[in-house]
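> take a look and give me a structure for this.
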Amino acid sequence: MGRMDSTQLQRALHLAQEVAMAPSAMLLAAFRSRAFRVETKSDGSPVTELDRRAEAVMRAVIRMSPEFGHLPILGEEAGLEGEAAVYQWLLDPIDGTVSYTRGIPTFGTIVALEDTVSGQALVGVIHHPHFGETYAAARGLGSWCQGQRLQVSSATDLRTALVSAPDAYQFHRTSLDAAHQRLWQACDHLRGYTDCWAHTQAARGIIDAVVEPMLNT
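Numbers count the residues shown, from 1 in each chain. Down below sits the predicted model:
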């Protein structure tokens, strides 16, 4: 597959939205039911059978695409499937598994199409099953939620801005204790919104900024 033009990106974006929404009904059916077992992965993070089942559903939807189904898929739970290529799909079936297992609705399903040469995301989608909202963007085509064009905050004053940051432990783990202290001193409205929900609200402009010292790349 050669370099993607805007028409191809639009089709990839449409597929990514379909993929992100595919396990939604299954996740909502089990949400707050506690009818699942929580396990611990080797990195210490939690995982459930719903994570694995949701990713399997997402992979199946991608593989049915005549245009994009041959691309490799790198998933949070099942790892890499397929040979290296210029483009690859990235999947996180439940971003915010801790929240999901506790009955907190800020979890979401994430899909991206990555240009492996540049390391840039060409397409990105986050679907929030509990809220019924899908946030979608493609490089050069803007970002949208439920047909509404998104615009990030234009705030310039950190003192009055609404900033989301995690707990002090994450700053300590990354040797950023001093930065955490400065952030608390500089912001009047520092809140601890969690998971991909914080980032979609920043994309919408509701939250002015999100600070994440421990994101995995």
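> how close does Trp197 get to Phe131?
Here the distance between Trp197 and Phe131 works out to 8 Å (Cβ to Cβ, to the nearest Å). Any C-beta I mention is one placed from the backbone N, CA and C, and that applies to glycine too.
> so between the two, which is more surrounded?
More neighbours sit around Trp197 than around the other of Trp197 and Phe131, counting by other Cβ atoms under 10 Å; the figures are 25 against 12.
> all the strands of this protein, residue numbers only.
Chain-ordered strands for the chain, with DSSP state E as the definition, fall at 38-40, 46-48, 73-75, 79-81, 87-95, 108-115, 120-128, 133-138, 142-145, 148-149, 162-164, 189-191, 209-210.
> can you list these in a markdown table and add mean pLDDT and distance to Met26?
Compiled in a markdown table, the strands of the chain are given as follows (pLDDT from 0 to 100; distance: least, Cβ to Cβ, whole Å):
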| stretch | mean pLDDT | distance to Met26 |
| --- | --- | --- |
| strand 38-40 | 91 | 17 |
| strand 46-48 | 91 | 12 |
| strand 73-75 | 97 | 16 |
| strand 79-81 | 95 | 20 |
| strand 87-95 | 98 | 10 |
| strand 108-115 | 98 | 11 |
| strand 120-128 | 97 | 13 |
| strand 133-138 | 98 | 16 |
| strand 142-145 | 97 | 22 |
| strand 148-149 | 96 | 27 |
| strand 162-164 | 97 | 28 |
| strand 189-191 | 95 | 31 |
| strand 209-210 | 96 | 28 |
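> Ala137 is in contact with Arg149, correct?
No - here Arg149 does not reach Ala137: they are 10.5 Å apart, not a contact under Cβ atoms under 8 Å.
> can you list residues touching both of those two?
Taking Cβ atoms under 8 Å, 6 or more residues apart in numbering as the contact criterion, the residues that touch both Arg149 and Ala137 are Ser143.
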